[in-house]
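Enquirer: mind looking at a prediction? Sequence and model below.
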Amino acid sequence: MSDVVKFNEIESKIITFRNQKVLLDFDVAELYGVETKRVNEAVKNNPEKFPYGYVIE
């Protein structure tokens, strides 16, 4: 069984950037318990699995 992440733990990591609420890649990695580079690799190698606007460039 996986650990449950409490909403306030996630909420404290949300920032506003260009009038959008976002999580930075290293915060996403921490939530999933992986290295930041693994999150970025997943996005690069499987872009179809991520919704439009998932990445801000």
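Expert: Cool, got the structure. Numbers count the residues shown, from 1 in each chain.

Enquirer: and the contacts of the longest helix belonging to the chain?
Expert: Longest helix in the chain, counting residues (DSSP state H): helix 36-45. By C-beta atoms under 8 Å, 6 or more residues apart in numbering, the surrounding residues in contact with helix 36-45 are Asp25, Phe26, Val28, Ala29, Tyr32, Lys49, Phe50, Tyr54, Val55. Yep, even glycine has a C-beta here, placed from its N, CA and C like the rest.

Enquirer: where does pLDDT dip in this structure?
Expert: Per-residue confidence for the chain (pLDDT under 70) gives these ranges: 1-2.

Enquirer: gap between the two ends of stretch 7-18?
Expert: Terminal residues of stretch 7-18 are spaced 23 Å apart (C-alpha to C-alpha, to the nearest Å).

Enquirer: this protein: helices as residue ranges?
Expert: Going by DSSP H, the chain shows helices at 7-11, 25-32, 36-45.

Enquirer: okay, how far is it across stretch 50-57, tip to tip?
Expert: Start-to-end span of stretch 50-57 (C-alpha to C-alpha) is 15 Å.

Enquirer: what does stretch 12-20 give?
Expert: 15 Å.

Enquirer: just to revisit the earlier point, select only the buried ones of the contacts of helix 36-45 in PyMOL?
Expert: Here is the PyMOL command that selects the buried residues among the contacts of helix 36-45 (16 or more other C-beta atoms under 10 Å):
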select buried, resi 28+29
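
Enquirer: how many residues are close by Val22?
Expert: 17 (other C-beta atoms under 10 Å).

Enquirer: leaving out chain neighbours, which residue sits closest to it?
Expert: Leaving aside its sequence neighbours, Val22 sits nearest to Ile15 (C-beta to C-beta, 6 or more residues apart in numbering; 5.9 Å).
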